[in-house]
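Asks: Output the structure for:
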Amino acid sequence: MCPMAKRHRICRQGLLFCLCLALGVVGRLGRSAPAFSGLPRAAPRAVSKRCHSRLQAGVQQFEDLAAWAEPASTPERRSEWQQQTLLIWVSVVALWTFLDCVVDPGVKPFEDPGSLLNIALPTSLLVAPGAAVAASAQLAPRPTGIAEATKTKTCAVFVGDSLTQGTLSANVLQVLEGRCARDLGAFVNAGRNFRALSDTLESDLLEEASALQPSHGLVLLLGTNDLIRYTAVAEALRGPKEDWLGSYEAQLEQAVSRISRDFPVLLTSPPPLGEDLNSEEGLLGASMAKSVRRVAEMSQCVYVPLFEACADHLNQKAASGNLAAKSRAYSLGESLLLLCALPWRLYAGSGESLQKIQEDSGLELTVDLVHYGPVYADIASRLFIQKLGISASK
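Replies: Predicted structure coming up:
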C-alpha cells in the first residue's frame with residue numbers, strides 16, 4: 001500500500017474512532033460498610049448481643065441495597081447486554097469494512113482476501129468501546145418501562161438520563177421497588193443514557209409520562225448531560241455561564257408547562273458532576289440546583305435537593321477524614337476512558353459490582369466521575385421516598 005493510501009486509511013480510522021464514541025451517544029439516547037472492630041470487653045452480654053444484632057441488620061440492609069442497585073444484577077441481564085453489544089459491533093465493523101473497500105481502490109478483496117483483515121481487525125478494536133456503551137443504552141428499562149406501565153397501576157414516573165436508566169449507574173428505581181410496599185404500584189423508568197433536558201423538549205416523552213397518571217408523582221431529573229456538553233467546549237468558545245444557566249432554567253420552565261398537573265411534579269437537582277464541589281463543574285452544579293429550586297417554587301412543584309444531599313455526604317466525609325482516597329474533580333478525558341471500560345466491567349463474563357469498581361477507582365460516590373454507586377442509591381432512594389410521601393418497609 002502506498003504512503004498516501006496509508007495516510008488515508010489512518011484518517012478514516014481516526015474518523016471511525018470519533019464515530020464510535022458518538023455511537024454511545026446516539027444509541028437510545030459506595031464505599032463498603034465500615035468493618036466492625038468489636039465491642040468493648042466491659043460491655044454486658046445482653047448489650048453486646050443487641051448491638052451485634054443491630055450491626056448484622058445494618059450490614060444486611062446495605063447488602064440488599066447494593067444488590068438492588070446493580071445494573072447487571074442477573075446472568076440474563078448480562079446476556080442481554082452481550083447480545084446487543086455483539087449485534088452493534090458486527091454491524092458497524094461489517095458496514096465500515098464494506099465502505100472502506102468501496103472508497104479505497106488499493107483494497108482488492110477478491111484478489112487479496114487477507115486485506116479485509118487489515119481493515120476489520122483494527123476497526124473491531126475501535127468499535128468495541130462505542131458498541132459497549134451503546135448496548136447498555138439499549139437494555140430494557142427496569143423495573144418497569146413506559147410501555148409496560150400502561151397495563152398496570154403507576155406509583156411514580158421518573159424522567160431522566162443515565163442516572164435514571166440505571167444501566168451504567170446504580171438503579172435507584174430498583175432500590176425504591178425493593179424498599180417500598182408492592183401494592184403502591186410501579187416505579188416507571190423513563191430514563192435514557194446521554195439525554196439532556198433540551199433533548200426531552202424535542203420529543204413527546206413528557207406527554208407520554210403524564211398519560212400514565214402516577215398516583216404519587218412525576219419526577220424530573222435532568223441536567224447532567226447539559227452540563228457535560230457545556231463544559232466540553234473550550235471556555236473561550238462557549239457563552240457566558242449566566243446565559244447558559246438562564247437557558248437551562250427557561251428549558252426547565254418549558255418542561256414543567258408540558259406536564260399534566262393532575263398529580264405532583266417533583267423537580268430534582270442533578271447530583272454533582274465529579275466529586276470536587278469547588279471545581280467549575282461543582283460550582284455550576286450548585287448554581288443549577290438553585291435554578292431547579294427557583295423553578296419548583298415558582299411553578300408550585302416539589303423540590304428534591306439531590307445535589308445538596310450528595311454534597312452534604314462529600315463534605316461530611318471530608319470533615320471526618322474518611323473521604324475516599326482519590327475522590328476528585330470531573331475531567332472529560334478521564335471520564336470518557338472510565339466510561340469506555342465501565343460496561344465491560346459490569347456486564348462481561350460474570351461482571352463486577354458497582355461497589356468494587358468504585359473502590360478500585362478510589363472514588364466516594366461515583367464510579368467514573370459521572371455515574372454513581374450504591375451509597376448514592378441509598379441517599380437518592382431515601383430522598384425520593386420522603387418527597388413522594390410514601391412509606392418504606394426497608
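
Asks: Counting by contacts, list what the helix or strand containing residue 284 packs against.
Replies: Under the criterion of DSSP states H and E, residue 284 resides in helix 280-298. Counting contacts by 3 or more Cβ pairs under 8 Å, 6 or more residues apart in numbering; DSSP states H and E, helix 280-298 is packed against helix 224-232, helix 241-257, strand 265-268, strand 302-304, helix 306-320. (Glycine included, C-beta is placed from N, CA and C.)

Asks: tell me the mean pLDDT for the third one?
Replies: What strand 265-268 shows for mean pLDDT is 99.

Asks: what's the answer for the second one, then?
Replies: Looking at helix 241-257 alone, the average pLDDT works out to 98.

Asks: Show residues contacting it.
Replies: 197-198, 200-201, 206, 220, 222-223, 226, 230, 238, 265, 267, 284, 287-288, 291-292, 294-295, 298-299, 301 (Cβ atoms under 8 Å, 6 or more residues apart in numbering).

Asks: hmm, try it at 6 Å
Replies: Applying Cβ atoms under 6 Å, 6 or more residues apart in numbering, the contact partners of helix 241-257 are 197-198, 201, 226, 230, 287, 291, 295, 299.

Asks: quick one on the thing from earlier: which one of the helices and strands packed on helix 280-298 is the most hemmed in?
Replies: strand 265-268 (a mean of 24; mean count of other Cβ atoms under 10 Å).

Asks: Residues contacting that one, please?
Replies: 217-221, 259, 292, 296, 301-304, 306, 387.

Asks: can you pull the buried residues of the top helix by length along the chain?
Replies: Secondary structure of the chain per DSSP state H: the longest helix is helix 75-103. By 16 or more other Cβ atoms under 10 Å, the buried positions in helix 75-103 come out as 77-78, 80-81, 84-85, 88-89, 92-93, 96-97, 100-101.

Asks: And the contacts of strand 265-268, which is closest to residue 375?
Replies: Of all the contacts of strand 265-268, residue 306 has the smallest distance to residue 375: 13.3 Å, by Cβ to Cβ.

Asks: and the gap between the closest one and residue 376?
Replies: 9 Å (Cβ to Cβ, to the nearest Å).

Asks: on that earlier part again, flag whichever of the contacts of helix 241-257 scores worst on pLDDT.
Replies: residue 198 (93).

Asks: which outside residues touch the helix or strand hosting that one?
Replies: Using DSSP H and E, residue 198 maps to helix 197-201. Contact partners of helix 197-201, identified using Cβ under 6 Å, 6+ apart, comprise 222-223, 226, 251, 254.

Asks: try 7 Å this time
Replies: 29, 159, 206, 222-223, 226, 248, 251-252, 254-255 (Cβ atoms under 7 Å, 6 or more residues apart in numbering).

Asks: is it true that residue 219 touches residue 163?
Replies: No. Under the criterion of Cβ atoms under 7 Å, residue 219 is not in contact with residue 163, lying 11.4 Å apart.

Asks: Okay, residue 298 and residue 182: tell me how far apart.
Replies: Residue 298 is 36 Å from residue 182, by Cβ to Cβ.

Asks: before we move on, what about residue 239?
Replies: 48 Å.

Asks: quick one: which of these two has more around it?
Replies: Higher neighbour count among residue 239 and residue 182: residue 239, with 11 against 8, using other Cβ atoms under 10 Å.

Asks: Helix, strand, or coil at that one?
Replies: coil (DSSP: H, G, I helix; E, B strand; the rest coil).

Asks: how about it, what does it touch?
Replies: Taking Cβ under 7 Å, 6+ apart, one finds nothing in contact with residue 239.

Asks: Name the nearest residue to residue 231, ignoring sequence neighbours.
Replies: Leaving aside its chain neighbours, residue 231 sits nearest to residue 281 (5.9 Å; criterion: Cβ to Cβ, 6 or more residues apart in numbering).

Asks: Oh, that last question was meant for residue 210, not what I typed.
Replies: residue 260 (3.9 Å).

Asks: these two touch, right, that neighbour and residue 208?
Replies: No. Contact criterion Cβ under 7 Å: residue 260 and residue 208 do not qualify, at 11.0 Å.

Asks: Mind listing the residues bridging to residue 157?
Replies: residue 188, residue 218 (DSSP bridges).

Asks: if I look at it, how far off is residue 324?
Replies: From residue 157 over to residue 324 (counting by Cβ to Cβ), the distance is 33 Å.

Asks: Between these two, tell me which one has more neighbours.
Replies: residue 157 (28 against 20).

Asks: Next up, the contacts around the more buried one.
Replies: 188, 190, 209, 212, 214, 218-219.

Asks: where's it relative to residue 328, distance?
Replies: Counting by Cβ to Cβ - residue 157 and residue 328 are separated by 34 Å.

Asks: related to what we said a few turns ago, tell me the two of the contacts of helix 241-257 that are most distant?
Replies: So, the contacts of helix 241-257 by Cβ to Cβ: farthest apart are 230 and 299, at 23.5 Å.

Asks: before we move on, the earlier item: considering the contacts of strand 265-268, which is situated nearest to residue 344?
Replies: residue 221 (26.4 Å).

Asks: what's the closest one in contact with, if anything?
Replies: Contacts of residue 221 (Cβ under 7 Å, 6+ apart): 158, 160, 163-164, 268, 270.

Asks: same question, residue 340
Replies: residue 129.

Asks: Let's test this: mean pLDDT of the host helix or strand of it, rounded?
Replies: Residue 340 belongs to helix 332-347 when assigned by DSSP H and E. Averaging pLDDT along helix 332-347 gives 97.

Asks: low-confidence ranges in the stretch 251-394 of the chain?
Replies: Scanning the stretch 251-394 of the chain for pLDDT under 70 picks out the ranges 394.
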